[in-house]
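A.B. asks: Provided below are the primary sequence and the corresponding predicted coordinates.
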Amino acid sequence: MPYNSGMNIKEGETASKYSIVSNIVLMLIKGIIGYLSGNIALIADALHSFADVFSSAAVFIGLRLSQRKPDELFPYGYYRIETLASLLVSVMIIITGLEIGWDSLIYLMHPPPVVSMAAISLVVSLIAIVVSYAVAVYKERVGEKIGSKALINDGKHSYIDAVSSTLVFTGIIGEYMGLHGFQGFAGLIIAVIIVYVGSTLTKYNLLVLLDACIDKDSLELLRKTVLSVKGVEGVHAIRIRRSGPYLFGELHIEIERSLSADKIEDIISKINSEVKRVLPSIDHLIIQPETLKKDEIVVAVPLEDNQGIDSKISLHFGRAAYFIIARTRKGDIIDYEILENPARSLKKKERNKSS
């Protein structure tokens, strides 16, 4: 059944708006001071902030469009637009890492001259570090809260901005301490880490788009939650897939054969309520009830004699001297009892009366 999720996507939109505004302000400040001071690294950092504006804008648009109600063309909703936005951000993270690596190589091969307005450049870089880090923490927390991978990835992108500004900050200090190569070497190491993170996030988003089952923890939690509902004897064929911030699932439950239709409906209703409480990210859950197959079967076999399990089977049901009543499980005899055939003694009495 579909759920009317209480996940506050609007809060994610607000976080994206704050991110866009903060990146525009940082871009202008870093760009202006970088231009006036001749600090090439600060100008490059301003370009990173410019790219972040588009990154956060993509997340905002993705979150906004993902809230559209399902229609005839998209019966499962527009949630995957958010995943596409997340994929775009992860690719931009890779590009940012490559750019930082390239800038670091250029810095090592051609160290820039000592710039003017170093004090102001340091202050601007420090402000950028603090603001980028604060925005990153904010976006990640909101992203975790609403289950938005795009917003979480955008938060990681802001962490990278903080790292980029840190490189600018240390580079300015290094120039005056004679450590001209420090920023370049540090930048190369950080670039490798950034590209690795971006590649990991890109792989995750591609798997989501391909309906891969990557939420193993959610799968196990769903199984335990369903089994905790009274009346559910077993659960199998559990499948979940992510679509944007939401999960779609389906499963089969095993129930007793004797249960009425009303009782089965009540069990399914309880499952839905419990799953919604434990896993609010599930938007749609299909539950298929199945009655339990009997493991044990009781059979009666006619016997000619009473030799236990080795008794000879009689070919005549009515004239058999004994019957073995066996309880079997999956083809194996787990218990049995041998009884005399009552019909045989009755037939003897009838023959005696007739004589």
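C.D. replies: Thanks, I have it. Residues are numbered from 1 along each chain as shown.

A.B. asks: So in terms of bridging, what pairs with the closest residue to Tyr322 other than its chain neighbours?
C.D. replies: Distances taken as C-beta to C-beta, 6 or more residues apart in numbering place Leu303 nearest to Tyr322, at 4.2 Å, with adjacent residues excluded. For glycine as for every other residue, the C-beta is placed from the backbone atoms N, C-alpha and C. Leu303 has these beta-bridge partners by DSSP bridges: Ile313, Tyr322.

A.B. asks: Hmm, Thr328 is touching Ala300, no?
C.D. replies: No - the criterion here is C-beta atoms under 8 Å, and Thr328 misses it with Ala300 at 11.5 Å.

A.B. asks: The two: who's more crowded?
C.D. replies: Thr328 (15 against 11; other C-beta atoms under 10 Å).

A.B. asks: elements contacting the helix or strand hosting the more buried one?
C.D. replies: Using DSSP states H and E, Thr328 sits in strand 322-329. Contact partners of strand 322-329 among helices and strands, from 3 or more C-beta pairs under 8 Å, 6 or more residues apart in numbering; DSSP states H and E: strand 296-303, strand 332-340.

A.B. asks: Low-confidence ranges, the stretch 1-150 of the chain, go.
C.D. replies: Scanning the stretch 1-150 of the chain for pLDDT under 70 picks out 1-7, 40, 112-117.

A.B. asks: show me where it has strands.
C.D. replies: Under the criterion DSSP state E, counting those that start in this stretch, the stretch 1-150 of the chain carries no strands.

A.B. asks: those helices in it, which residues are they?
C.D. replies: 9-37, 40-66, 80-109, 118-146, 149-177 (DSSP state H, counting those that start in this stretch).

A.B. asks: so can I have a markdown table of these showing mean neighbour count and distance to Ala343?
C.D. replies: Output for these, formatted as a markdown table (neighbours: other C-beta atoms under 10 Å; distance: least, C-beta to C-beta, whole Å):
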| stretch | mean neighbour count | distance to Ala343 |
| --- | --- | --- |
| helix 9-37 | 19 | 75 |
| helix 40-66 | 22 | 74 |
| helix 80-109 | 21 | 70 |
| helix 118-146 | 19 | 74 |
| helix 149-177 | 23 | 73 |
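
A.B. asks: got a list of what Tyr18 touches?
C.D. replies: When contacts are counted by C-beta atoms under 8 Å, 6 or more residues apart in numbering, Tyr18 touches Val135, Tyr138.

A.B. asks: Pop out the phi and psi values for the residue nearest the centre of the chain.
C.D. replies: The centroid of the chain falls nearest to Asp215 when counting by C-alpha atoms, centre = their mean (3.5 Å). When read as degrees, to the nearest 10, the backbone of Asp215 gives phi -100, psi 70.

A.B. asks: That one reaches Arg242, doesn't it?
C.D. replies: Yes - contact criterion C-beta under 8 Å: Asp215 and Arg242 qualify, at 6.2 Å.

A.B. asks: burial measure for Leu315, as a count.
C.D. replies: Around Leu315 there are 9 residues (other C-beta under 10 Å).

A.B. asks: Quick one, grab the pLDDT at it.
C.D. replies: Turning to Leu315, the model gives it a pLDDT of 82.

A.B. asks: Leaving out sequence neighbours, find the closest residue to it.
C.D. replies: Pro302 (7.9 Å).

A.B. asks: give the contact list for the one you found.
C.D. replies: Taking C-beta under 8 Å, 6+ apart, we find Pro302 in contact with Ile313, Ser314, Leu315, His316, Phe317, Ala320, Tyr322, Phe323, Asn341.

A.B. asks: Then Ser199?
C.D. replies: Taking C-beta under 8 Å, 6+ apart, one finds Ile94 in contact with Ser199.

A.B. asks: Shouldn't it be within a strand?
C.D. replies: No - Ser199: not assigned to a strand; according to DSSP: H, G, I helix; E, B strand; the rest coil it is helix.

A.B. asks: Helices of the stretch 201-350 of the chain, start to end?
C.D. replies: Under DSSP H, counting those that start in this stretch, the stretch 201-350 of the chain gives helices at 216-227, 261-278, 342-354.

A.B. asks: for the first one, which positions count as buried?
C.D. replies: The reference is to helix 216-227. Using 16 or more other C-beta atoms under 10 Å as the test for burial, helix 216-227 gives Ser218, Leu219, Leu222, Thr225, Val226.

A.B. asks: can you check stretch 203-219 too?
C.D. replies: Going by 16+ other C-beta under 10 Å, stretch 203-219 has these buried residues: Tyr204, Asn205, Val208, Ile214, Asp215, Ser218, Leu219.

A.B. asks: measure that stretch end to end?
C.D. replies: Length of stretch 203-219, first residue to last, C-alpha to C-alpha, to the nearest Å: 20 Å.

A.B. asks: which residues sit against that stretch?
C.D. replies: Contacts with stretch 203-219, where a contact means C-beta under 8 Å, 6+ apart, come from 80, 83-84, 86-87, 90, 149, 153, 238-243, 247, 279, 281.
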